[in-house]
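1. sequence unknown, structure follows:
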């Protein structure tokens, strides 16, 4: 039963943390005034997308945490999560588009590293991260485009 409490903790941490960061870093007028590329999704897409992604991220982290040899995969999971939570205030509160681009690219590299490392330890955990990697690649392109246009 304690493993399911741990899963609940992982979900609470990732989903709760992501929600909290989102609530204190509302895009606002500054973001509305930025030039954006044609492929920028409507704002309503981000909430549902991140809800699903955070649950997948949590389950992947939990699966690795259950392993006796967590090692690098767990470290990569924690690092990407910390940077994930840092990106939103860097972009939306500090208005640091260039720094945010560096951070999102680091998240992408760490996430790819997680997939590669987890692949040999727990393939479902690695596969759960694939949508996040794809979204982060898209977010990197979107962040770079917004930076370039502004």
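-> Thanks, I have it. Model, not experiment: these values are computed from the prediction.
2. got the buried residues for the longest helix seen in the chain?
-> As assigned by DSSP state H, the longest helix anywhere in the chain is helix 123-149. Going by neighbour count (16 or more other CB atoms under 10 Å), the buried part of helix 123-149 is 125-126, 128-129, 132-133, 135-136, 139-140, 142-147. C-beta coordinates here come from the backbone N, C-alpha and C atoms, glycine included.
3. which residues are in contact with stretch 25-45?
-> 88, 89, 91, 92, 93, 95, 142, 145, 146, 149, 150 (CB atoms under 8 Å, 6 or more residues apart in numbering).
4. Redo the residues you listed as CSV? Include distance to residue 60.
-> Converted to CSV, the contacts of stretch 25-45 look like this (distance: CB to CB, whole Å):
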residue, distance to residue 60
88, 20
89, 24
91, 24
92, 26
93, 28
95, 31
142, 23
145, 28
146, 28
149, 33
150, 34
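5. Residue 52 contacts residue 128, doesn't it?
-> No - if you go by CB atoms under 8 Å, residue 52 and residue 128 don't touch, sitting 10.8 Å apart.
6. on that earlier part again, quickly check the contacts of stretch 25-45 for the two that are furthest apart.
-> Maximum pairwise distance in these, criterion CB to CB, is 21.4 Å, between 89 and 149.
7. where in the chain is pLDDT low?
-> Judged by pLDDT under 70, the chain has its weakly predicted residues at 1.
8. ranges for the helices of the protein?
-> Using DSSP H, helices in the chain cover 2-11, 17-24, 28-32, 46-65, 71-88, 97-119, 123-149.
9. Distance to residue 38 added to the ones you listed, as TSV?
-> Below are these laid out as TSV (distance: least, CB to CB, whole Å):
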stretch	distance to residue 38
helix 2-11	35
helix 17-24	24
helix 28-32	17
helix 46-65	17
helix 71-88	23
helix 97-119	18
helix 123-149	9
